[in-house]
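**Q** need a 3D model of the following:
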Amino acid sequence: MATHSQSATKTKSVLVLAGEGPYFKNSTYYHRTMFDSGATYPLAAEYPAHPLSGLRLTDLQYHDSTGPNPLLRPKRGAVPHLTSYTLESILLAAQWPFEIFDLLDVWDLSREPAGRHDVVFLSTTFICDNRTLARALHWIRERLPAATVVLGGQYSNLKYDRIMHMYPDVDIIVRGDGEDAIPLLLPALDGRGDLDEVPNLVVRTGPATYRQTAFRYIDLEEHPSPGFGDLQRTVVPYESMRGCPFSCRFCSFPMASPKWRYKSAEKIAADWARYHKVNGATHIRAMDSTFTVPPRRMRELLDLLPAVDVTWEAYTRANVITSRDTIERFADAHCATLSIGFESMSPKSLDLMHKQVRAEHNRQAHAALSDGPVKYRCSFMVGYPGEAPEDYELTHEFLTGEYTGHFMLSVFSMTDETMPVWQDAQRLDIQIDDLEDPDSGWKHIGMDHTTARQLHRRTLDEVRLRNDRAVLLLWQSDYHTPLIPGLSVKENLWAEKLVERLGMLPVDIPDPRDRVDAAAAILGSLERLGVRHSHPSWTDGQERRRD
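**A** Predicted coordinates:
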């Protein structure tokens, strides 16, 4: 949370609601494992006679020169989302009083705003369906019934007409770029300006009517990038483009900002150097859907960034990673992590997605990245409309038998109402049981949701037990990584694999007696990495045996 009040002459305080949407997918995978309940679910509570029975994942510790440290160190709220940073920069420049409030706290009902506010800015960047929007608006209505509600972001960009008809609580929607609109909107709401002079607005005029103001794009190259004065920001999320040159059928990025625009390599390098010098930034998170295009800009960046003293991470496409030499150039430019949407190893599925990347590109990128100097995570999906079980089997075999490194695997979600794949509903025979909860039941010409979930579980289970070098990236998002500072990437991957196997023992080994024996072996492997645990009964027993 951040609160600011910089000008007594301005009376309307703004509450900014921004962040990720509620976590629907894969959330049941860790049910009744040691990851449940904030990693405090015990190993074998039903077998109290054994000293390991009460062991929790939160008991694990690594040791360094400062002494013992928790292996699982929560990071929630450590780095605000890109939308939060952008709005914070705009409001700071406008010298307007505001409070940043994480949407995770809205979904969890975990805390309340620090003050009363006259205007609420709700980002819909990670709100992708009507049900989630309704939850957020209900939260606002209960707490700030008199506030002016302003929406912005991807979902409201695309669904503004429906929103203005369905939700009378929504007063204004900012469509497209907000950098010019918001500084003009705020004084207009304060009675010192005309809403019709503010660009990119949808303004309510009645219960189901509205008017629109002139629409215009900003020039990303000429417009100043977000700034934070001299406030310290160790990690800075960054946006180098808007829109996308690709047309994947599961992604609505191009629709939300049809005009693809991007900053030059020189501007990006200068921005990052400024964040380092002025704000103390040591790491940049490039949040673009594909940071590594256009190719010429990326080549120029790889020449400029070695001189900029920050590490960075970004999203790329597999066909950009052509060789180990490419990865060496990224490493020389201080690239720390690359995220790549492999999505599938099935040529048929990739064609259905209009991914414009082939399975051979995925294999080539994987070979170049494996055991290299740049960390990476690759994402896959099961159940894309038109994909049959035999198509998905190619992805399953790759993950269980060949893949190394971090990976993510999701059951395809029908929740996002803005995806272009909905235009293929008739051709692919997409059928939804409940449009208000589309992921609860669906089918298409390839498979149904039950089959997709079974395939998903089968792959995750088999990768965990059979592939020592592939590590599911899911629970780690709640914690700081690397888990053990000072160890290599390969050693930390092994540590994560061991923690995952330990945490999943309650479902992998039903018998608690066999479970604690298996846990002891895993703990032995962790101890060789410098990890011990603080569970009192076991530690005391170990010390007595050593004596």
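**Q** didn't R469 look like it was pressed against L493?
**A** Yes. If you go by Cβ atoms under 8 Å, R469 and L493 touch, sitting 7.2 Å apart. Bear in mind the C-beta positions are built from the backbone N, C-alpha and C, glycine included.
**Q** now do the shared contacts for these two.
**A** The contact sets of R469 and L493 overlap at G405 (Cβ atoms under 8 Å, 6 or more residues apart in numbering).
**Q** more crowded one of these two?
**A** L493 (21 against 15; other Cβ atoms under 10 Å).
**Q** where does the protein dip in pLDDT?
**A** For the chain, the stretches with pLDDT under 70 are 1-11, 23-27, 76-80, 253-256, 535-547.
**Q** residues contacting the residue nearest the centre of the chain?
**A** Nearest to the mean C-alpha position of the chain, counting by Cα atoms, centre = their mean, stands E20 at 7.2 Å. Listed by Cβ under 8 Å, 6+ apart, the contact partners of E20 are H81, L103, L104, F126.
**Q** got the contact list for the closest residue to the third one other than its chain neighbours?
**A** The shortest distance from L104 to any non-neighbouring residue, by Cβ to Cβ, 6 or more residues apart in numbering, is to G19 (5.6 Å). In this structure, G19 makes contact with P80, H81, T83, S84, D102, L103, L104, S123, F126, judged by Cβ under 8 Å, 6+ apart.
**Q** now, among those, which is nearest to M166?
**A** S123 (18.6 Å; Cβ to Cβ).
**Q** now, which of the contacts of G19 sits nearest G372?
**A** H81 (28.9 Å).
**Q** separation between the closest one and A336?
**A** Remark: distance between H81 and A336 (Cβ to Cβ, to the nearest Å) = 19 Å.
**Q** more neighbours, the two?
**A** Neighbour count, other Cβ under 10 Å: between H81 and A336, H81 has more, with 21 against 18.
**Q** what's the longest helix along the chain packed up against?
**A** In the chain, with assignment by DSSP state H, the single longest helix is helix 449-466. The contact analysis (3 or more Cβ pairs under 8 Å, 6 or more residues apart in numbering; DSSP states H and E) places helix 449-466 against strand 375-382, helix 389-401, strand 405-411, strand 470-472, helix 489-503.
**Q** figure out how far that helix is from the centre of its chain.
**A** Centre-to-centre, helix 449-466 and its host chain are 22 Å apart (Cα atoms, centre = their mean, to the nearest Å).
**Q** which parts of that helix are buried?
**A** Buried residues in helix 449-466, counted by 16 or more other Cβ atoms under 10 Å: H449, T451, A452, R453, L455, H456, R457, T459, L460, V463, R464.
**Q** which residue is the nearest non-sequential neighbour of F98?
**A** V14 (4.1 Å).
**Q** residues near that neighbour, how many?
**A** Neighbour count for V14, taken as other Cβ under 10 Å: 25.
**Q** ditto for D468
**A** Residues within reach of D468, counting by other Cβ under 10 Å, total 14.
**Q** is it possible to get TSV of the contacts of E20 that adds secondary structure and distance to Q232?
**A** Output for those, formatted as TSV (DSSP: H, G, I helix; E, B strand; the rest coil; distance: Cβ to Cβ, whole Å):
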residue	secondary structure	distance to Q232
H81	coil	18
L103	helix	24
L104	helix	23
F126	coil	26
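**Q** pipe these into a markdown table and attach distance to L350 per row.
**A** Output for those, formatted as a markdown table (distance: Cβ to Cβ, whole Å):
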| residue | distance to L350 |
| --- | --- |
| H81 | 30 |
| L103 | 32 |
| L104 | 33 |
| F126 | 25 |
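**Q** give me the buried subset of these.
**A** Neighbour counting by 16+ other Cβ under 10 Å classes H81, L103, L104, F126 among those as buried.
**Q** closest one of those residues to H223?
**A** H81 (20.2 Å).
**Q** any idea how far the closest one is from L17?
**A** On the measure of Cβ to Cβ, H81 and L17 end up 11 Å apart.
**Q** and if you look at A134?
**A** Per Cβ to Cβ, A134 is found 14 Å from L17.
**Q** who has more neighbours out of these two?
**A** Set A134 next to L17 and count neighbours by other Cβ under 10 Å: L17 wins out with 26 against 14.
**Q** pull the contacting residues for that one.
**A** Here L17 is in contact with F101, L103, V106, V120, F121, L122, S123, A136, I140 (Cβ under 8 Å, 6+ apart).
**Q** who wins for most neighbours among those residues?
**A** F121 leads the contacts of L17 on contacts (other Cβ under 10 Å) with 29 neighbours.
**Q** which SS state does that one fall under?
**A** Under DSSP: H, G, I helix; E, B strand; the rest coil, the three-state class of F121 is strand.
**Q** for T292, grab phi and psi.
**A** With angles defined as degrees, to the nearest 10, T292 sits at phi -90, psi 20.
**Q** what's the closest non-adjacent residue to it?
**A** Nearest residue to T292, sequence neighbours excluded (Cβ to Cβ, 6+ apart): T316, at 4.2 Å.
**Q** list the contacts of that neighbour.
**A** Counted by Cβ under 8 Å, 6+ apart, T316 has contacts T290, F291, T292, L338, S339, I340.
**Q** quick check: the fifth one vs K375, distance?
**A** Using Cβ to Cβ, one gets 10 Å for the distance from S339 to K375.
**Q** show me the domain layout of this structure.
**A** 2-20+81-175+181-212, 37-65+497-546 (automatic domain parsing).
**Q** need those domains in JSON lines (columns: distance to I321).
**A** Below are those laid out as JSON lines (distance: least, Cβ to Cβ, whole Å):
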{"stretch": "domain 2-20+81-175+181-212", "distance to I321": "24"}
{"stretch": "domain 37-65+497-546", "distance to I321": "24"}
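**Q** of these, which is nearest R242?
**A** R242 sits nearest to domain 2-20+81-175+181-212 of all the domains of the chain, at 10.8 Å, using Cβ to Cβ.
**Q** of all the buried residues of helix 449-466, which comes closest to D169?
**A** For these, the nearest to D169 is H449 (32.5 Å; Cβ to Cβ).
**Q** what is the burial count for the closest residue in space to the closest one that isn't next to it in sequence?
**A** Spatial nearest neighbour of H449, excluding adjacent residues (Cβ to Cβ, 6+ apart): W442 at 4.9 Å. Number of residues near W442 (other Cβ under 10 Å) recorded here: 21.
**Q** likewise Q154?
**A** Per other Cβ under 10 Å, the neighbour tally for Q154 reads 21.
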